[in-house]
Every structure is written in C-alpha cells, then in structure tokens.
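Peer 1: coords please:
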Amino acid sequence: MMQGILIVDKPMDWTSFDVVAKLRGVLGTRKLGHSGTLDPMATGVLPVFCGGASKAVDLQLNHDKSYRAVLKLGARTDTGDVTGTVLETAPVTAGEGELLAVLPQFIGPQMQVPPMYSAIKLNGQPLYKLAREGVTVERKARPIEIYSITYGGSPAENEYVLDVTCSKGTYIRTLLEDIAAAMGQKGTMSALRRTSAGVYTEADAHTLEEILAAKEQGMDALEALMLPVESVFESLPLLVVEPWVEHHLYNGCPTSRYPAADGRYRVRNAAGQFLGLATIVQGVLRVEKLFVERNRKRKQNPCRSFHNLHRCRWRSRKKAPQWQWAFLTASTSATVR
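Peer 2: Residues are numbered from 1 along each chain as shown. Okay, the predicted model is just below:
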C-alpha cells in the first residue's frame, strides 16, 4: 500500500471530498484523509494523506494557512461569495485608499463568527444544510489570528486582491465581509486560492491531470509525486535510536535514563528509516505514534521441545478438562520414548 502525502492543486467546482473520492480510485485504496477543507469555488493546496500517513492528519504541528482572495465591493450575499444569492447592493463609495487604511486593524488575534454556510456542525448537522433550508442559528465567535494581509492590486473595477496568512479555522469570506464593512461598503468574495497549508505550498502541489498522467506511467511515477510522512514533522528535533531502543518503541516499552533532553522528537532508526514520534519526559523515552510496522516473526510453539512440553503440561493440569489432560500425558509418553 502506498504511504505518503500527495499535495493536490484542487480545481474549481470540486469539493474536497470529490478530490479524495477520485484519488481512492487512482491510488487503489480507501485509506485516505485530507487536511483543511476547501469550498467548491476555491482552488489550491489540499494535502491528501495516503495509507499509514493518514495517522498524521491530526498530529500536524503547523495548521496555518495562506490564501489569495479577491474582495468585490458593491454587494453582499448569503454565502459570503459570488456563488450565493445577493442580499444587499449599494453604490461603491470607497476604494484603494480606504482599503489600505483599514487593513491594519485586522492583524492579530481576534474573535470571528463563522458563517452559516460552513461545515461546522450543530447537533450533528452541518450549518450549511440549515442555511439551505433558510434557517439561521446563533453561532459562537471563535478565536483566530491573522498574521498578515498584503494588498495585491486591483484586477478590475471595485475588486481588490488580498494575500492573507492566518490560523486554522479562519473564514476568509467572513474576513472580507468585515473588511468591506470597515470601509463602509458592502462586499463579498469573488475568488479564493489557498497558496499554502502548514508546511506545504503551491510548489509542492500537483493537478489532477498530472496525477492521472503519472498513474499511466506506472506506480513508481505516482509514488514519486508523494512526499514522505516525516515532512509533516520536520520542525521537530531528530532522534536516531539504537536497535534495542527501536525494539522498545515497537513494543510500546519505555526506555529509562535515555541520554537526551526532555521534549518531543521525530525518530529514525540506525538505517535512517523514519519510525514515528516519541517523547522524553524526565529521561524516559516513550513512543507517541509509529508510522512503520515491525516485521513480526512467527512465535515459536512453547510446547515444541520436550522440556517445554512438560512445563506446559504442569501449567495446564489444573485448567484442562480430563480428556485433554489424558491426551497430553499420552503425547508426552510417546515423545519420551
């Protein structure tokens, strides 16, 4: 089974689930997971975790995202983007100068109310399903952080490009609506592209066409597109362990008095193979998550030798029914001979 991380350049009008469903057929496995859902109208970086790498989805160290968005002034929609129904229109009375003046107030930690058209669940039901039924419910504001907003020019009248770097859980549609409101305008999002997700960028991404072409060339070409699961944890210090410590990790056994500083580590064996994650607390090394499987040797039958057969017989005497005990005794007599 393939194991690795495939960075997909999600096409417009595809849901993130559509991409995963397509890749299940391409890769021949159902063991896939993606990181960071993108709206159908959005394009860009969508990390897909394949095989055993899917265990890393919830262990990522960096959940920050970067986007290139286009703010369109003059109207507000129910979805927060141009795919929705227009709720309000208003003449545009502000421009680039007013935009640049309000952008600094959106930098830093803040609370954001998620939109109704979102995948957030209420009593097990996504909010967007309620929104489609015309139902609006109260949503609690969530903490987010905007690290930077860079103005990227105006591609058309009343449209402005913004490059945003933000924390996990930020809704860019809502951010753009809030920016427009701060300008005294009605606004909505007319385009969105994710340019990075965690440690992965556009440079790592492959289109579905490129992925399908690689499959036609063979599995080796397809595997060459994948990044190793260790790439998720590159910011962690590396710990190279001896074979006997590797054995401990496989079996979930702690290693005491380990000669390294306390902390969290990505771990390789002496051959350079990535094993997984481990922590050291007060000198005790413990496994956190393994991404490889040990080559398990078949266990030897403990009753194979004459000595073990006698020991097994005595241990079983009190527990075994009379007919089993008689069989063991007879077998032993025959073997001793």
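Peer 1: okay, CA-based contacts and neighbour counts for the rest of this
Peer 2: Noted.
Peer 1: okay, and for the stretch 101-250 of the chain, where does confidence drop off?
Peer 2: Judged against pLDDT under 70, the stretch 101-250 of the chain has no low-scoring part.
Peer 1: which residues sit in contact with the residue most central in space within the chain?
Peer 2: Residue closest to the mean C-alpha point of the chain, counted by CA atoms, centre = their mean, is V57 at 3.0 Å. When contacts are counted by CA atoms under 8 Å, 6 or more residues apart in numbering, V57 touches 33-35, 49.
Peer 1: can we see that at 10 Å?
Peer 2: Taking CA atoms under 10 Å, 6 or more residues apart in numbering as the definition of contact, the neighbours of V57 are 5, 32-36, 47-49, 229, 232.
Peer 1: Kindly provide the distance from it to T170.
Peer 2: V57 is 18 Å from T170, where distance means CA to CA, to the nearest Å.
Peer 1: if we can go back for a sec, which among the contacts of V57 count as buried?
Peer 2: Of all those considered here, the ones buried according to neighbour count by 16 or more other CA atoms under 10 Å are 5, 32-36, 47-49, 229, 232.
Peer 1: What ranges does the chain have for its helices?
Peer 2: With DSSP state H as the criterion, the chain has helices at 16-27, 96-102, 127-132, 172-182, 208-217, 219-224, 243-251, 306-316, 322-336.
Peer 1: Among the contacts of V57, which lie within strands?
Peer 2: Secondary structure assignment (DSSP state E) places 5, 32-34, 47-49 from these within strands.
Peer 1: Now pLDDT too, for those, in CSV please.
Peer 2: Written out in CSV, the entries for these read as follows (pLDDT from 0 to 100):
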residue, pLDDT
I5, 96
L32, 93
G33, 91
H34, 92
P47, 97
V48, 96
F49, 96
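Peer 1: Closest to E98 out of the residues you listed?
Peer 2: Using CA to CA, P47 is the member of the ones in strands among the contacts of V57 that sits closest to E98, with 36.1 Å.
Peer 1: Identify the residues contacting the closest one.
Peer 2: For P47, the contacting residues are 5-10, 33-37, 57, 196-198, 200-201, 204-205, taking CA under 10 Å, 6+ apart as the criterion.
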